[in-house]
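Participant: Quick check, what structure comes out for this input:
(one chain, ligands or ions: 2)
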Amino acid sequence: MVDAAIQQTLKEKLKEIFGFDAFRGEQEPIIHNIVSGKNTFVIMPTGAGKSLCYQLPAMVLDGTAIVISPLIALMKNQVDQMSAFGINAQFLNSTLNKSEMTRVKNDVMSGDCKLLYIAPESLTKEDNLTFLKKAKLSFIAVDEAHCISEWGHDFRPEYRRIRGIIDDIDPNLPIIALTATATPKVQQDIQKNLSMEQSHIFKSSFNRKNLYYEIRPKIDSKKQLIKYIANNKGKSGIIYCLSRKKVEEIAGLLNVNGIKALPYHAGLDADTRMKNQDAFLNEECDIIVATIAFGMGIDKPDVRFVIHYDAPKSLEGYYQETGRAGRDGLEGNCLMFYAYDDILKLEKFNKDKTVTERDNARALLMEMVAYSNLGVCRRRQLLSYFGEYTDKDCGFCDNCIKPTKKIKIEDEAVLGLKAIIQSGERFDVQHIADILTANTSNPYIRSYEHDKLEVYGKGKGMFVAHDEDDEDDEEEEEEVELELSEEDEEDEETKPVAAKSSKPSKKAEKPTKKSDNKRTANDYWV
Ligand code: ADP
Ligand code: ZN
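Facilitator: Ligands and ions are numbered 1, 2, ... in the order given. The predicted structure follows:
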């Protein structure tokens, strides 16, 4: 039941503070719920207007709302936005010096500060906790709540401690958890971890009707990229790459080809990052080439295309990143170049993880592989991933518009199965492919005498070509950005750049030639 008086106040404040005439989607019942002191769980796609769901309640309730947020950049962005609305919002993190910290704490104690942004890492610090216990708080907002779940794409272990800390401060504080990514699994994980099983869930559709999804094989990808951008001249776009090196390379490539593009990754110093981000936001530069370090919390409504030059590590990440296109509801094109090589590259980075972490990461990756390879409607696949099932094709994705050619692979399938059986059903797909293509650079083939198998070398010439356009000489030295953490951000500020390049190169230990790294067979077999 929505109380009429509260409803009236909320509407007035919406106009008075934010200048908006009406609530969007379910904002009103959500805000009503949290203002009434009830735990609230909000699942809405990027751009739907989640922030208002805690910003407005913070303005109408007594005391300060705590907003737990994963990234310093994100906090700063939000605090700047709030200041523009004339709201006293502050953040508490390690970038503040002593006197700034004291000022923020005073503002909270006096009740002037309505929203206090804080990272979970700072929340656990003893003196911050002591201070928060003394302050008058209105509620706790857990932003980017999917960071709680190992099944989410940005798992942050510190997020799992939030519930305990809230209990320590005041177990009765209402919580509003918000996320743009919640598969049914992640959703349950969040609810359980925050003890919010009983709370009302407000979940809106994840269908972004204006986004066109397209995947192309990663062949001649650089040429394709330049052509694509030339065809979209003057439009704003983001190009995502896996590594810092690739970001620089692609930005350089575009510049050489007369396309103005700026790089963005965590290896750049904070000033350059800020400068490049601002140039993109202020339309001085149409294109930003970036790692996943770019984008969270960036609110540019007229991004017309998002290109994944390399495959992301999960469908959730893909959805988030593509979600930055067409936030204004107008044209939004999402193009991804796909090669199984990229999946192998991503898999390498799971080597040092625990078995469970590795299995989780692998499962997420395999979903990405399935999405990229299947010929069924992309939107249907994406939506079903978020628990939204439909039996209708969308008519607005590459698979709907240009259905993939079906090919018969009976002989190849039989060959693959034979290789698996003949090698004793204990080798991975890479090894099987190496047997079939007689890849002499794999030393295990000879040591296991797999070169004597009947199927050895029988698959030569059956596989699609490797993307010569996108070869990496020094793969091992690449700084890949898969996760974002506050520590990373802080490190960047203090660590001399040379520290990174002084890392011993593993390349010298690796006797294989560049051409030996080709994994052509996998493009076909998976
Ligand atoms: P999310 O956090 O869900 O990605 P944001 O909170 O950043 O989305 O909101 C996206 C944009 O929508 C912002 O520019 C915000 O100011 C705007 N917005 C939010 N609610 C409303 C509303 N009720 N009316 C008009 N604009 C809104
Ligand atoms: Zn479709």
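
Participant: Next, the buried residues of the longest helix seen in the chain.
Facilitator: Criterion DSSP state H: the longest helix present in the chain is helix 355-373. Going by neighbour count (16 or more other CB atoms under 10 Å), the buried part of helix 355-373 is 360, 361, 364, 365, 367, 368, 369, 371, 372. To be clear about C-beta, it is placed using only N, CA and C from the backbone, and glycine gets the same treatment.

Participant: ok, the last one touching residue 336?
Facilitator: Yes: counting by CB atoms under 8 Å, residue 372 sits close enough to residue 336 to count as a contact (7.1 Å).

Participant: shared neighbours, those two?
Facilitator: Jointly contacting residue 372 and residue 336 under the rule CB atoms under 8 Å, 6 or more residues apart in numbering are 215, 311.

Participant: which residues in the stretch 301-450 of the chain form strands?
Facilitator: Secondary structure of the stretch 301-450 of the chain by DSSP state E, counting those that start in this stretch: the strands cover 303-308, 332-338.

Participant: Which of those strands sits closest to ligand 2?
Facilitator: The closest of those to ligand 2 is strand 332-338. By CB to the ion, the value is 12.1 Å.

Participant: Next, count neighbours for the residue in the stretch 51-200 of the chain that ligand 2 sits nearest to.
Facilitator: Of all residues in the stretch 51-200 of the chain, the one sitting closest to ligand 2 is residue 183 (19.7 Å; CB to the ion). Neighbourhood size, residue 183 [other CB atoms under 10 Å]: 22.

Participant: Name the residue closest to the centre of the protein, please.
Facilitator: Nearest to the geometric centre of the chain sits residue 317, at 3.4 Å (CA atoms, centre = their mean).

Participant: Now do the same contact list for residue 276.
Facilitator: Neighbours of residue 276 in contact, by CB under 8 Å, 6+ apart: 262, 263, 264, 268, 285, 288.

Participant: for residue 229, that is, sorry about that
Facilitator: Residue 229 neighbours (CB under 8 Å, 6+ apart): 237, 254, 259, 287.

Participant: switch the cut-off to 10 Å
Facilitator: By CB atoms under 10 Å, 6 or more residues apart in numbering, the residues touching residue 229 are 235, 237, 239, 254, 257, 259, 261, 286, 287, 305, 307.

Participant: Now the fourth one. Nearest residue, chain neighbours left out?
Facilitator: Pointing back at residue 254 there. residue 261 (4.1 Å; CB to CB, 6 or more residues apart in numbering).

Participant: just the second one next, same as before
Facilitator: The shortest distance from residue 237 to any residue other than its chain neighbours is 4.2 Å, reached at residue 305 (CB to CB, 6+ apart).

Participant: residues in contact with the one you found?
Facilitator: For residue 305, the contacting residues are 211-212, 214, 228-229, 232, 235-239, 287, 322, 324-326, 331-335, by CB under 10 Å, 6+ apart.

Participant: can you do 7 Å?
Facilitator: Counting by CB atoms under 7 Å, 6 or more residues apart in numbering, residue 305 touches 232, 235, 237, 325, 333, 335.

Participant: again, but for residue 135
Facilitator: 64, 108, 109.

Participant: Including distance to residue 351, could the strands of the stretch 301-450 of the chain go into TSV?
Facilitator: TSV is the format used below for the strands of the stretch 301-450 of the chain (distance: least, CB to CB, whole Å):
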stretch	distance to residue 351
strand 303-308	23
strand 332-338	22
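
Participant: Save these as JSON lines, and put in mean pLDDT too.
Facilitator: Shown next, in JSON lines, are the strands of the stretch 301-450 of the chain (pLDDT from 0 to 100):
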{"stretch": "strand 303-308", "mean pLDDT": "98"}
{"stretch": "strand 332-338", "mean pLDDT": "97"}
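
Participant: Specify the stretch among those strands that is closest to ligand 1.
Facilitator: Nearest of the strands of the stretch 301-450 of the chain to ligand 1, taken as CB to the nearest ligand atom: strand 303-308 at 12.8 Å.

Participant: Also compute the angle for the closest one relative to strand 332-338, please.
Facilitator: 10 degrees (axes from the mean of the first three to the mean of the last three CA atoms, to 10 degrees).

Participant: ok, strand 303-308: who's next to it in the sheet?
Facilitator: As defined by DSSP bridges, the strand partners of strand 303-308 come to strand 236-240 (parallel), strand 332-338 (parallel).

Participant: Only the buried residues of the helix or strand containing residue 100, if you could.
Facilitator: Using DSSP states H and E, the element containing residue 100 is helix 98-109. Neighbour counts over helix 98-109 (16+ other CB under 10 Å) mark 101, 104, 105, 107, 108 as buried.

Participant: Any idea how far it is from the middle of the chain?
Facilitator: Its chain's C-alpha centre and that of helix 98-109 lie 33 Å apart, by CA atoms, centre = their mean, to the nearest Å.

Participant: on that earlier part again, let's have the contacts of residue 276 in a markdown table, adding secondary structure, distance to ligand 2 and neighbour count.
Facilitator: Below are the contacts of residue 276 laid out as a markdown table (DSSP: H, G, I helix; E, B strand; the rest coil; distance: CB to the ion, whole Å; neighbours: other CB atoms under 10 Å):
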| residue | secondary structure | distance to ligand 2 | neighbour count |
| --- | --- | --- | --- |
| 262 | strand | 33 | 24 |
| 263 | strand | 33 | 26 |
| 264 | strand | 31 | 25 |
| 268 | coil | 37 | 20 |
| 285 | coil | 32 | 16 |
| 288 | strand | 28 | 26 |
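
Participant: Mind telling me the two of those residues farthest from one another?
Facilitator: 268 and 285 (14.6 Å; CB to CB).

Participant: OK, contacts around the closest residue to residue 86 other than its chain neighbours?
Facilitator: The shortest distance from residue 86 to any non-neighbouring residue, by CB to CB, 6+ apart, is to residue 17 (7.4 Å). Counting by CB under 7 Å, 6+ apart, residue 17 makes contact with 59, 85, 87.

Participant: my read is residue 17 is in a strand, agree?
Facilitator: No: according to DSSP: H, G, I helix; E, B strand; the rest coil, residue 17 belongs to no strand; its state is helix.

Participant: per-residue confidence at it?
Facilitator: You'll see residue 17 listed with a pLDDT of 95.

Participant: cool, and residue 486?
Facilitator: Per-residue pLDDT puts residue 486 at 41.

Participant: is it true that the residue nearest to residue 254 touches residue 284?
Facilitator: No: between residue 261 and residue 284 there is no contact under CB atoms under 7 Å: 11.8 Å.

Participant: how about the residues of this structure near ligand 1?
Facilitator: Taking CB under 6 Å from any ligand atom as the criterion, the chain approaches ligand 1 at residues 20, 23-24, 27, 44, 46-52, 299.

Participant: could the residues you listed go into CSV alongside pLDDT?
Facilitator: What follows is the residues of the chain next to ligand 1, written out as CSV (pLDDT from 0 to 100):
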residue, pLDDT
20, 94
23, 96
24, 93
27, 97
44, 91
46, 78
47, 76
48, 85
49, 90
50, 94
51, 94
52, 96
299, 76
